[in-house]
Structures are given as C-alpha cells and as structure tokens.
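Sequence and predicted structure below; questions after.
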Amino acid sequence: MSKEIYHNYFFDEPAFNTHDGGYVPLEVADAPEKPLAIPALLKPDKETDTDIWYTVTAQAGETQILPGQKTKTWGYNATILGQTIIYPVGKHIHVALENHLSELTTFHWHGLIVSGPYVDGGCHAPVYPGETKHIDFTLDQPAATTWLHAHPCPSTAEQVWHGLATMVLVKDDHINSLPLPHNYGVDDIPLVLQDRRFHENNQLDYHADYDPDGVQGPTAMINGTVNPVFDVTTQKIRLRILDGANRREWRLHFSDDLKFAQIGGDSSLLPEPVYLDHLMLTCAERAEIVVDFAGYHDGQTVTLFTDDTPIVKFKIHQFAPDNTTLPDHLLTINKPKVDSKTPIRKIVMSGMDESVMMDNKKFSMQRIDATQPVGQAQYWDITNSNSPESGMVHPFHVHGTEFLVISRNGQAPYPNEHGFKDTVGVNPGETVRILVRFDLPGVYMYHCHIIEHEDGGMMAQIQTYYPDKPMPKYKLMDMDTLMNAFAKERGIDPKDLWMAGMDSYRKMGMKM
Ligand SMILES: [Cu+2]
C-alpha cells in the first residue's frame with residue numbers, strides 16, 4: 001500500500017518568523033560537536049501497584065554548554081532543563097515540588113489533564129524559595145509527550161529561558177503494546193528544541209535580549225547541547241520533538257529529504273501515521289516521529305535541519321535489520337458530541353509587540369473571562385486578527401484539556417493534526433475551530449504560547465464547573481503579591497523590578 005507523502009509545512013509562509021523584522025537567524029556555533037545530551041529518567045521515590053511518588057526540584061546550577069566558562073542555568077533535578085518524568089496513566093501520582101531557586105516559581109504541567117488552578121501549576125500556584133508543596137492526581141488521558149515548565153506571571157519567559165522546562169511522558173497500556181521504538185535514550189529520544197544567545201563568558205542575559213514579540217538567539221540548543229551528534233544503533237528511532245523555544249518556529253527536514261512518519265502530536269498519538277518530509281512546529285507543540293535509516297549504513301551521517309541550519313547530526317552505526325512496519329491504525333479518536341444548542345465560543349488573539357491582547361483585553365490574574373460546564377463539549381473559534389501580509393502565527397494553548405482541531409477557515413485541518421492537541425498554531429487572518437471539553441472543575445489559563453506574548457497579556461482564564469453544583473470560588477493570586485515577592489527575593493525596591501511583560505502593560509497604559 002503506498003501512502004501519500006506530504007512535502008510542505010502547511011503554515012502560511014508570509015507569517016513564518018523569518019519574515020519578522022526582529023527575526024534572529026540561526027548560526028552554527030563555533031564549538032566542537034558534542035554527544036546529544038539525553039536527560040536521565042527521574043527515579044520515583046517510591047512505587048506500589050497503585051501509587052507512585054516523585055520529587056521534582058527546581059534548582060540553579062552551571063552547565064558546560066560552550067567551550068570555556070560554564071553557563072549559569074536552571075533546571076528540574078538537573079542543572080539545565082531536567083530529568084525526564086514518566087507518569088503512568090491510572091496510578092495515583094504524588095509529586096513533591098521543591099523550590100531551591102532564589103526566587104519563586106511555579107510547576108506547570110503542560111498537556112496534563114489535572115485540576116486548575118493549583119495542581120496545574122499556572123500563575124496561581126507559586127512555590128516560594130525554600131518551600132516544598134505537594135500535589136497529587138490520577139491521569140485519565142491517552143499516552144503523550146507532554147512537558148513541565150515554569151509559569152509565574154509575568155516571568156514565565158525568563159524562567160524558561162534560564163532552563164526550566166523538561167519532558168513528561170504519559171504512558172498507558174495501549175502505547176506500551178504498540179510495535180514502536182520504546183527504548184529510552186537508545187531508539188526513543190527526546191528532542192527539546194531551543195535557541196539561545198550566549199553573551200560574555202557564555203552567560204545568558206535575558207533582559208538584554210528582550211523582545212516583546214519573543215526572545216530569540218542565534219544558537220540552536222537541543223536538549224541543552226550545542227552542535228549535538230546522536231549515535232544511531234538501531235534501524236528506526238522515535239523522536240519526541242518539543243518546540244521548547246520562547247518564540248522560534250522550527251521547520252524541520254532531514255538531509256536527502258528523508259521521509260519520516262509522524263505518529264503523535266501534542267496530547268496523543270495520531271489516528272494513523274502521517275508520512276512527511278517537512279514538519280513545522282510552533283512554540284510548545286510536540287511531534288513524535290519515527291525515522292527509518294534502512295537506506296543508510298555504518299559511517300554515514302543524516303542531518304536534521306531547521307530551514308538551512310543543521311541542528312542535530314545522526315551518526316549511523318551498524319544496526320540489526322528491522323522489518324517491523326508501523327501499524328496503520330494507532331489510536332481511535334472518540335470525538336465528543338456537541339449539543340446543537342451549545343453556542344460557539346469566539347476568541348480573538350490580536351496585536352503584536354506590546355499591543356498583544358486576548359479578546360481586546362490584557363490578562364488580569366483575578367478576572368475570570370469565561371465559564372464552561374465540566375463534560376460539555378464546545379466549539380471554540382480562535383481567530384488571529386493579525387494581517388495576513390505582516391502578522392505572525394500565534395500558537396494558542398489551553399491548560400487542563402486536550403482538544404481536537406476541527407477546521408482552519410472552514411477547511412480541513414492539516415493531515416498531521418488529527419490527534420488530541422493542546423496547542424495549535426493560528427495563522428494571521430485565520431480562524432481555527434477547535435472542540436474543547438474539560439473533565440475537571442477549576443480555573444484554567446488559555447494563551448498564546450509565544451511566551452513573551454503571554455507575559456505581555458495575550459492570555460485569559462476560564463472557570464469550569466459542575467453544572468449541578470454551586471460555582472466554587474477559588475483563591476486567585478494577584479500580580480502585586482507576586483511582584484513584591486520577586487522584588488524582595490532579588491533584594492530590590494519593587495519600583496526597580498523589571499520583568500518581561502511589564503513594558504507591554506505600561507506602554508499600553510494598563511494595570512497588570
Ligand atoms: Cu502570540
């Protein structure tokens with residue numbers, strides 16, 4: 001059976017970030033090749049048949065990224081990024097969240113169906129320096145590649161830039177039973193795609209690099225490695241790719257236009273493998289792909305590029321022939337039914353630079369912008385009102401749910417977005433219809449995932465509730481409390497505090 005192979009990035013080319021005045025092209029760093037760092041797997045503190053316990057520690061450290069001086073970085077149970085966490089579906093999961101940093105942070109589970117606003121770890125759940133908080137939850141969602149990142153408004157972008165992001169693999173019996181590469185670090189490889197600018201003595205300087213449309217750097221950093229090489233010892237490898245950049249889109253393709261199969265998106269497997277030779281990811285999106293090196297032999301190198309810049313080299317070694325084929329069917333997607341009386345929610349992402357807004361407002365921590373009953377499926381029409389000629393792709397993300405992409409300007413979604421997702425790139429001038437259902441009550445943020453845009457106020461929040469119960473009132477954090485805490489932790493007067501996003505409110509004459 002011959003399968004169609006897609007050759008394009010699908011997204012609207014005039015909106016690619018390369019067209020943006022502030023675009024920072026990638027350059028190959030003047031540094032030797034290094035083995036691709038494979039994050040260790042986080043060991044549970046304890047595990048029983050029904051429960052599992054973990055400790056996740058946000059910490060500061062130093063990482064040898066470039067030759068010469070080490071770079072001051074942050075990470076989870078590591079000096080940069082973090083150890084990879086595995087969460088089994090069905091088990092009761094207990095997590096101790098420890099903050100060993102000198103300032104407050106939050107632990108946001110991007111892609112997990114957990115209750116908001118506290119377990120979810122958005123801006124309402126700060127963990128102060130020296131503090132440990134405990135959360136627990138049970139996952140009932142398909143296997144997926146999700147991630148953990150800091151989300152303390154309005155310093156999310158800066159904390160992620162310092163390194164607070166790591167992969168969280170949700171596993172279930174179904175995924176474990178499929179004939180896919182499963183050997184972590186050997187043929188099942190996480191790839192966190194980021195870019196950074198290294199200043200004097202190899203240090204990061206977020207404030208110096210600040211751009212309200214998203215901070216970029218000229219150096220690609222993959223799993224925290226510059227100029228990485230991965231040793232291929234099996235015919236097939238599965239790459240779990242995360243766009244973990246603050247702003248950068250990645251347009252991925254291999255040397256020789258080697259085709260690959262995309263098997264998963266953000267929040268689940270795809271219903272069936274989609275064969276591609278080009279793949280674009282916007283911020284926070286994930287793709288799981290399987291690459292077959294059958295046509296290569298020991299000593300050859302296959303390179304992964306974004307646009308024209310090489311980002312990972314795959315050095316082929318001898319491998320045993322692997323004749324397994326990917327299943328034609330990967331996951332049955334049960335589309336939630338929508339009551340015809342349920343109105344369509346309209347959401348508009350507007351502006352660029354400091355003027356970014358969600359529904360003509362900037363984010364306010366104590367304002368609930370929308371409500372939706374738990375269990376009710378609703379269409380959301382997400383419009384990006386930027387001009388098609390000069391606007392940008394805004395990746396729209398919702399906490400605490402996984403949605404289906406129904407249409408793009410009334411047309412079919414892209415072939416590789418038929419699984420569950422939590423982030424969708426919306427082209428300028430486009431309306432993307434998604435189908436959203438929440439399974440848990442709580443307060444959840446939804447926002448653009450260009451992280452400087454969310455810090456700058458392109459964000460809102462929805463309260464979900466059981467229709468047959470009174471609406472609970474959640475204690476929501478406020479910006480002054482967070483800002484005063486940050487100032488105190490940094491030992492400065494609150495009026496001298498600078499954080500990403502502040503300028504966006506100030507320039508628009510708005511209160512945070
Ligand atoms: Cu945006």
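That came through fine.

near the ion, which residues of this structure show up?
Contact residues (CB under 5 Å from the ion) of the chain with the ion: 394, 448, 450, 453. Placement of C-beta: from N, CA and C, glycine included.

And these, which is closest to residue 245?
The nearest member of those to residue 245, counting by CB to CB, is residue 450 at 9.2 Å.

Can you name the residues that contact the closest one?
With contact taken as CB atoms under 8 Å, 6 or more residues apart in numbering, residue 450 is in contact with 213, 214, 246, 247, 283, 392, 394, 395, 458.

Export these to TSV and append columns for secondary structure.
Below are these laid out as TSV (DSSP: H, G, I helix; E, B strand; the rest coil):
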residue	secondary structure
213	coil
214	coil
246	coil
247	coil
283	coil
392	coil
394	strand
395	strand
458	coil
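
Could you list the low-pLDDT ranges of this structure?
1-2 (pLDDT under 70).

which helices and strands does the lengthiest helix in it pack with?
Among the segments of the chain that qualify as a helix by DSSP state H, the longest is helix 479-490. Contacting helix 479-490 under the criterion 3 or more CB pairs under 8 Å, 6 or more residues apart in numbering; DSSP states H and E is no other helix or strand.

Which ones among the residues of the chain next to the ion lie within strands?
Judged by DSSP state E, those include 394, 448 as members of strands.

ok, back up a step: among the contacts of residue 450, who's most crowded?
residue 394 (32 neighbours; other CB atoms under 10 Å).

Does that residue touch residue 385 like I think?
No. Counting by CB atoms under 8 Å, residue 394 stays clear of residue 385, with 9.7 Å between them.

any common contacting residues for those two?
Shared contacts of residue 394 and residue 385, counting by CB under 8 Å, 6+ apart, come down to residue 349.

Redo the contacts of residue 450 as TSV? Include distance to residue 124.
As requested, those are exported to TSV (distance: CB to CB, whole Å):
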residue	distance to residue 124
213	26
214	24
246	22
247	25
283	22
392	28
394	23
395	22
458	18
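
which one of the residues you listed is nearest the ion?
The closest of those to the ion turns out to be residue 394 (CB to the ion; 3.5 Å).

partner residues bridging that closest one?
residue 426 (DSSP bridges).

need the helices for the stretch 351-500 of the chain, in chain order.
451-455, 479-490 (DSSP state H, counting those that start in this stretch).

which ones are touching residue 109?
By CB under 8 Å, 6+ apart, the contact list for residue 109 reads 119, 120, 121, 146, 148, 168.

hey, what's it bridged with?
The partner residues for residue 109, given DSSP bridges, come to residue 148.

Against the ion, how distant is the residue most central in space within the chain?
Closest to where the C-alpha atoms of the chain average out (CA atoms, centre = their mean) is residue 284, at 2.6 Å. Counting by CB to the ion, to the nearest Å, the separation of residue 284 from the ion is 11 Å.

Can you classify that residue as helix, strand or coil?
Quick answer, by three-state DSSP: residue 284 is coil.

Report the contact partners of it.
Residue 284 neighbours (CB under 8 Å, 6+ apart): 110, 147, 242, 243, 244, 266, 395, 397, 422, 423, 449.

Could you pull up phi and psi at it?
Main-chain torsions, residue 284, degrees, to the nearest 10: phi 80, psi -10.

Leaving out chain neighbours, which residue sits closest to it?
residue 449 (4.0 Å; CB to CB, 6 or more residues apart in numbering).
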